[in-house]
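Colleague: Fold the following and give me the result.
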Amino acid sequence: MQLWIIKQAEKVGIIVRYVDPAYTSQTCSVCGNVLKEQRNGRSFKCAVPNCKIHSMYKDKFHADFNAARNIAMSTNFTDEKDIMKYGTEEQKKEPKKKKEEDRKKRPNKDAA
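Modeller: Residues are numbered from 1 along each chain as shown. From the prediction side, this is the model:
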C-alpha cells in the first residue's frame, strides 16, 4: 500500500513524508495534552477541563479521527526505514492471533 501511495503521489508531484505515529491516538489534537487514559476504545475525550475540544466536538470524538488530525499536523518526520520497522513479522502475526482468540471465544453453533 505504501509503494502505491508513493507512486501515485510522485505522478502529481506530491512529496510523501513519514510521520512517527507514536502517541498520536493518546494526544489531544486541539490542546496537545498527552494521556493514555484519554483514549477509551474508539472514543477520545481530552482530560483537560478547559480544552476547546469540549465545545468544538461535544466532549468526545472518534480516536482514529483524533490520531489522523495529529498526524496531519505533525512535523515529527522520520525516515522511511524507521516506519518500515512497524511492519515486523511479529506485528503482522498479532492480528492473526487476535482473530484466533476471538474465534475461540465465540459459542460453537454446532454444539447446540
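
Colleague: How about Asn66: what's its closest non-neighbour residue?
Modeller: Phe44 (4.3 Å; CB to CB, 6 or more residues apart in numbering). All C-beta atoms are positioned from the backbone trio N, CA, C, and that covers glycine.

Colleague: separation between that neighbour and Glu10?
Modeller: Distance of Phe44 to Glu10, computed by CB to CB, to the nearest Å: 33 Å.

Colleague: Of those two, give the one with the bigger neighbour count.
Modeller: Applying other CB atoms under 10 Å to Phe44 and Glu10 shows that Phe44 carries more neighbours, namely 25 against 11.

Colleague: Wait, a strand at that one?
Modeller: Yes. Assessed with DSSP: H, G, I helix; E, B strand; the rest coil, Phe44 lies in a strand.

Colleague: can you pull the contacts of Asp79?
Modeller: Tyr18 (CB atoms under 8 Å, 6 or more residues apart in numbering).

Colleague: how about the helix or strand that contains Ser55: buried residues?
Modeller: Following DSSP states H and E, one finds Ser55 within helix 53-56. Residues of helix 53-56 classed as buried by neighbour count (16 or more other CB atoms under 10 Å): Ile53.

Colleague: contacting residues around it?
Modeller: 28-31, 46, 59, 61.

Colleague: which of those lies closest to Ala68?
Modeller: Nearest to Ala68 among the contacts of helix 53-56, counting by CB to CB, is Ser29 at 8.4 Å.

Colleague: Which of the contacts of helix 53-56 fall within helices?
Modeller: Secondary structure from DSSP state H places none of those in helices.

Colleague: Would you map the strands across this protein?
Modeller: Applying DSSP state E to the chain gives strands spanning 18-19, 39-40, 43-45, 60-62, 77-78.

Colleague: Can you give me the neighbour number for Cys28?
Modeller: A count of nearby residues for Cys28, using other CB under 10 Å, gives 21.

Colleague: Fine by me, thanks again.
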